[in-house]
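Undergrad: Okay, here's the prediction I keep looking at, along with the sequence it came from:
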Amino acid sequence: MTFTFEVSEEWKTRVPEVVHEDGTSRAQVLKREYNPRYYDMMKELEVLTGNGVSLNTSLNRRGEAMICSPTDALNMFFGSDLQYLIMEDILVVKDGVDPYDSVD
């Protein structure tokens, strides 16, 4: 993810969260042969949401160190506004949040 690419107008409206102010994005292209599990998960995300796109960023809150363990991740998650956290094969959902709420 070291190069930026111009994002088409259609995709700028579909996934604005991943578009920089200058209209570019740092895309990572997946091939099933390199990571079948991750590729299959992204294909399922596309089936569920219509967008096979995820935002990849460091897992930490502003001013805090990056997460280094599952315990760190859970502590950060429960102290944040995030509603969902995926670790390996586990989906963690905060109390009162419907796990399918944002899936149309």
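TA: Perfect, I can see it now. Residues are numbered from 1 along each chain as shown.
Undergrad: can we go C-alpha only for contacts and neighbour counts from here?
TA: Fine.
Undergrad: if I look at Lys31, how far off is Met42?
TA: Between Lys31 and Met42 the computed distance is 11 Å (CA to CA, to the nearest Å).
Undergrad: higher neighbour count, these two?
TA: Met42 (17 against 11; other CA atoms under 10 Å).
Undergrad: tell me the secondary structure for that one?
TA: helix (DSSP: H, G, I helix; E, B strand; the rest coil).
Undergrad: any weak-confidence spans in this structure?
TA: For the chain, applying pLDDT under 70 flags the ranges 1, 99-104.
Undergrad: How many neighbouring residues does Val7 have?
TA: Using other CA under 10 Å, Val7 has 20 other residues around it.
Undergrad: measure it to Gln83 for me?
TA: Going from Val7 to Gln83 by CA to CA gives 28 Å.
Undergrad: which residues of this structure fall in helices?
TA: With DSSP state H as the criterion, the chain has helices at 9-14, 36-49, 70-78.
Undergrad: In the longest one, which residues are buried?
TA: Read that as helix 36-49. For helix 36-49, burial by neighbour count (16 or more other CA atoms under 10 Å) applies to 39, 42-43, 45.
Undergrad: Which residue ranges make up the domains of this protein?
TA: Under automatic domain parsing, the residue ranges defining each domain of the chain are 1-56, 58-96.
Undergrad: Distance from the longest one to the middle of the chain?
TA: It refers to domain 1-56. Relative to the centre of its chain, domain 1-56 is centred 9 Å away, using CA atoms, centre = their mean, to the nearest Å.
Undergrad: need the contact list for Leu85.
TA: 77, 91-93 (CA atoms under 8 Å, 6 or more residues apart in numbering).
Undergrad: now with 10 Å?
TA: The contact partners of Leu85, taken as CA atoms under 10 Å, 6 or more residues apart in numbering, are 73-74, 77-78, 91-94.
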